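>>> Quick one, what's the 3D model for this:
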Amino acid sequence: MKIIFTSILIFWGLFAQAQDVFKVSESWTDLTIWYKIGDQIKIGGDVGYRTTIKDFSFHLGYIRPTIIWKPSPLYNLSFAVSNFYKDISGSINLNELRLAQEANLFWPKIGSFKIDHRLRFEERFYQINNNKANSTRMRYRLGLKSPTFHLFGIGTPFFSELTWEDFKLLGSSFEYYWGNTQRWEVVLGNKISKKVKLGFHYILQTTRTTDKTFSLQENILRIRIGYTIN
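Numbers count the residues shown, from 1 in each chain. Sure thing, here's the model as predicted:
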């Protein structure tokens, strides 16, 4: 498994002599669709594609069906089953089945700004070429959302958001694996209509291996389209 783990980094183009911080730029594109069932439940999820910006050395596609239950304006609960497939330079194929349980708390509100908290647990099952592995992790995200505003004379309202997220590894069958991750994200979006919104995201994500021999820094540009059917 160590050979596979190292090969993933090599084919990703991260290794550089006399360095311990490896940088990569990526683009992510996502489509999220929701269908409401009554006042408290909605079903849907998202699909997306990710790659490196410079050399397209990896390609990742995913689909994530999700159900959300919101019994109160203060919080919601959700469950998702997703599949992620990554091809790295045509040599390494990583297929991941991921289960996720999530709780969101929308509190407090400071003036016109809203603070939210998200806690997620993930169980991840991998197949890397002919090898299998699994891991579990916890994610906590803190977000700050602005009130809507207008820009550039455009009639439809804009929104913005700042988030920080911490990823904690709870267990893994990998002998060598990534350690904990930190993610910072800035969002500028537009509510095109009652059903459609478009978001532009910049993400800075840092991860360090558990043995602290090197770390990965990802600079990510993300475009996210959201559509509510009803």
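
>>> going forward, measure contacts and count neighbours with C-alpha atoms only.
Noted.

>>> Can you name every helix or strand that the strand ranked longest in the chain contacts?
In the chain, taking DSSP state E as the definition, the longest strand is strand 92-110. On a contact count with 3 or more Cα pairs under 8 Å, 6 or more residues apart in numbering; DSSP states H and E, strand 92-110 meets strand 75-88, strand 113-128.

>>> pLDDT of the first one, averaged?
It stands for strand 75-88. Strand 75-88 carries an average pLDDT of 96.

>>> Check stretch 34-51 too.
97.

>>> SS state for the residue sitting furthest away from the middle of the chain?
Residue farthest from the centre of the chain, counting by Cα atoms, centre = their mean, is residue 153 at 31.6 Å. Following DSSP: H, G, I helix; E, B strand; the rest coil, we place residue 153 in the coil state.

>>> just the CA coordinates of the strand or helix carrying residue 225, formatted as CSV?
Assigning secondary structure by DSSP states H and E places residue 225 in strand 215-228. This file holds the C-alpha atoms of strand 215-228, laid out as CSV (Å, rounded to 0.1, in the frame of the first residue of the first chain):
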residue,chain,number,x,y,z
SER,A,215,2.4,18.4,3.1
LEU,A,216,0.0,19.2,0.2
GLN,A,217,-1.4,22.7,-0.6
GLU,A,218,-4.3,22.8,-3.0
ASN,A,219,-5.5,26.0,-4.7
ILE,A,220,-8.9,25.4,-6.0
LEU,A,221,-11.3,27.3,-8.3
ARG,A,222,-14.8,26.0,-8.1
ILE,A,223,-18.0,26.8,-10.0
ARG,A,224,-21.2,25.5,-8.4
ILE,A,225,-24.7,25.6,-10.0
GLY,A,226,-27.7,25.0,-7.8
TYR,A,227,-31.2,24.2,-9.1
THR,A,228,-34.4,23.6,-7.0
